[in-house]
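1. dropping the sequence and predicted coords here.
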Protein chains: 2
Amino acid sequence: MGLLVVGSIALDSVETPFGRADDALGGSAVFFGAAGALLHPVQMVGVVGRDYPMAKLQRLAERGIDLRGVTVCDGESFRWAGRYGFDLSTRDTLETRLGVFANFRPAIPEEFRDARYVFLGNIDPELQLEVLEQVHQPALVAFDTMNYWIQGKRTVLLRLLERIDVLMVNDSELRELSGDWHIHRAARWVLARGPKYVVVKKGEHGAVLVASSGVFYVPAFPLDDIFDPTGAGDAFAGGFMGHIARTGGLSPANLRLAMVYGSAMGSFAVERFSIQRFDEITPADVAERVRAYRDLVHFDLDADARDARG
Amino acid sequence: MGLLVVGSIALDSVETPFGRADDALGGSAVFFGAAGALLHPVQMVGVVGRDYPMAKLQRLAERGIDLRGVTVCDGESFRWAGRYGFDLSTRDTLETRLGVFANFRPAIPEEFRDARYVFLGNIDPELQLEVLEQVHQPALVAFDTMNYWIQGKRTVLLRLLERIDVLMVNDSELRELSGDWHIHRAARWVLARGPKYVVVKKGEHGAVLVASSGVFYVPAFPLDDIFDPTGAGDAFAGGFMGHIARTGGLSPANLRLAMVYGSAMGSFAVERFSIQRFDEITPADVAERVRAYRDLVHFDLDADARDARG
């Protein structure tokens, strides 16, 4: 039951009011993989330059990430630098150097082409389509995109929507894609174009799963300290897809649970710079946070009756 | 088991992108009462001028609101006029004419002084304290305030905190009161000053209950059309306190359920101008929306196991 991710493998330099990190492991495939591999082995496809810290990348292999799809090319690795303000909900991009990522053409190794679960990280939608041409018969394909592609490659994106199962974007991206500011109407606009599910990531305000069968809401986990929001969305995707790959279940109830695993991974991601937090936690920690989510949102319709009896 | 509300009784003129209402029933006591009375009889204390549409006010009595605490004074009624932008999350106040409300001194009728459940709507905190002097032995006191009082009467507010059980404010008010931008830390700051519970209303992002025993989160109900946000917070309070008064239960589980009743009432409030929606719905509609909330947030930790079996 292969779980494949195709996305960026980057070096991030991040400044927050609480500290800074330079040339730390980043990129959508890295955050997805670090989170997802806590639940299920991950097959990673991406590209790095010869300057990439390969020893650190190799440590991902020890966590259960198959790196045979990572190509090393002459040139510089993809670098991103950003700075967050005090409320951590907005950021300024200080620098984006695509390096070898500019000419990335995803080649899916033969061993990965039977992947049942595929996450198309935020890359050029034409490349996302190329990935789909190479995988044989996935059971569930999720994809992420960004405003840059929504503005520049809308036609390709709409073609992609016809072929994928889960659109996983943040609220502003969903609004821009659909032209509707209202999240739920916007999600239904997407559902009418192919996908079975829309996952809307709302940062500190949680995430929403919209399907024709209904809506499921999961809040952001209440953390005392959010250290660095970078990568939370891709870690969410890793938890979501990792849970589905591990269980093989595509029932609405299991997709809800996948949303909670996704949110749990997003909450871990923001507790440290880069993917550091995923070095520290175990699957048991993940399961414990998922249970804590239940305490956060569940309520008992008969609480009053129990009070009356008690 | 009396349920007492002391607050404003106003005439609201509201413009939204979807329409307008002029001199419609409004004010914290009115929204609280219209929502709360669907669950439990409400005792209302407030003041109106001789220009108030008494026939409309009288219809509140038919819903189970005891108006013996409403004083009619010479002068104009409290009028508020506001205009909402397209996203409905911000509003401009066009006019505030306090009228007879400027000299309001709440006199709690003898028949109301045994109230077990008390909601102090957003009025001068010195008047809120005067109310507390007049009620004998309430089981639960909740209160609301606003930035105006937080800035102008901080010392009185801090004295009030020592005497009430539930602080019920929006996120920006909580931040200003505590001086901490982080909602959960800010709530704990409040808990250290007396209240057992902090309810943080976050509008379209739902509401949070913070207690020493834990945190409970309830999202805003996904509505396709939000017509007029005015009064949603007071309707929330009406649902929250109405449920508690009806059941008499102060267990943590029942307070969670009260949060859901509050959210349900807030979601009804925004579906029409003024308190119109509460004319249309029955307690059965409220119960149905509360059940719909469960579908919105509950998940099954064993969903994957059930998938595997299925």
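-> Right, received. Where do you want to start? Residues are numbered from 1 along each chain as shown, chains lettered A, B, ... in the order given.
2. can you confirm A:Asn254 is in a strand?
-> No - under DSSP: H, G, I helix; E, B strand; the rest coil, A:Asn254 falls outside any strand and is assigned helix.
3. strands paired with the host helix or strand of A:Leu209, and their directions?
-> If you go by DSSP states H and E, A:Leu209 is part of strand A:207-211. Paired with strand A:207-211 in the same sheet, following DSSP bridges, are strand A:197-201 (antiparallel), strand A:214-218 (antiparallel).
4. CA atoms only: put the last one into CSV for me.
-> The one in question is strand A:214-218. What follows is strand A:214-218, C-alpha atoms only, in CSV (Å, rounded to 0.1, in the frame of the first residue of the first chain):
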residue,chain,number,x,y,z
GLY,A,214,-21.4,16.4,5.0
VAL,A,215,-19.0,18.7,6.7
PHE,A,216,-16.4,17.8,9.4
TYR,A,217,-14.6,20.4,11.4
VAL,A,218,-11.4,20.1,13.5
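5. in it, what counts as buried?
-> Neighbour-count burial for strand A:214-218 flags A:215-218 (criterion: 16 or more other Cβ atoms under 10 Å in any protein chain shown). Where you see a C-beta, it was placed from the backbone N, CA and C, and this is true even at glycine.
6. before we move on, what about stretch A:105-118?
-> A:106, A:108, A:112, A:115-118.
7. looking at the buried residues of strand A:214-218, spot the one nearest B:Leu250.
-> Distance to B:Leu250, by Cβ to Cβ, is smallest for A:Tyr217 among the buried residues of strand A:214-218, at 26.8 Å.
8. if we can go back for a sec, next one: the strand holding A:Leu209 to chain centre, how far?
-> From the chain centre to the centre of strand A:207-211 is a distance of 14 Å (Cα atoms, centre = their mean, to the nearest Å).
9. put the alpha carbons of that strand into CSV.
-> Provided in CSV are the C-alpha atoms of strand A:207-211 (Å, rounded to 0.1, in the frame of the first residue of the first chain):
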residue,chain,number,x,y,z
ALA,A,207,-9.4,22.7,9.2
VAL,A,208,-12.6,21.6,7.5
LEU,A,209,-13.4,18.6,5.4
VAL,A,210,-16.2,19.1,2.9
ALA,A,211,-17.8,16.2,1.1
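10. hmm, who's touching that strand?
-> The contact list for strand A:207-211, computed with Cβ atoms under 8 Å, 6 or more residues apart in numbering or on different chains, reads A:183-184, A:187-188, A:191, A:196-202, A:215-218, A:220, A:236, A:252, A:255-256, A:259, A:262-263, A:266, B:222.
11. near chain B, which residues of the stretch 51-200 of chain A are found?
-> With Cβ under 8 Å from any Cβ of the partner chain as the criterion, the stretch 51-200 of chain A meets chain B at residues A:86-87, A:181-185.
12. same thing but 10 Å
-> Residues of the stretch 51-200 of chain A lying close to chain B by Cβ under 10 Å from any Cβ of the partner chain are A:86-87, A:181-185, A:187-188.
13. who wins on neighbours among those?
-> Highest neighbour count within these: A:Ala187, with 26 neighbours (other Cβ atoms under 10 Å in any protein chain shown).
14. excluding its backbone neighbours, what's nearest that one?
-> Among residues not flanking A:Ala187 along the chain, A:Val210 sits closest, at 3.7 Å (Cβ to Cβ, 6 or more residues apart in numbering or on different chains).
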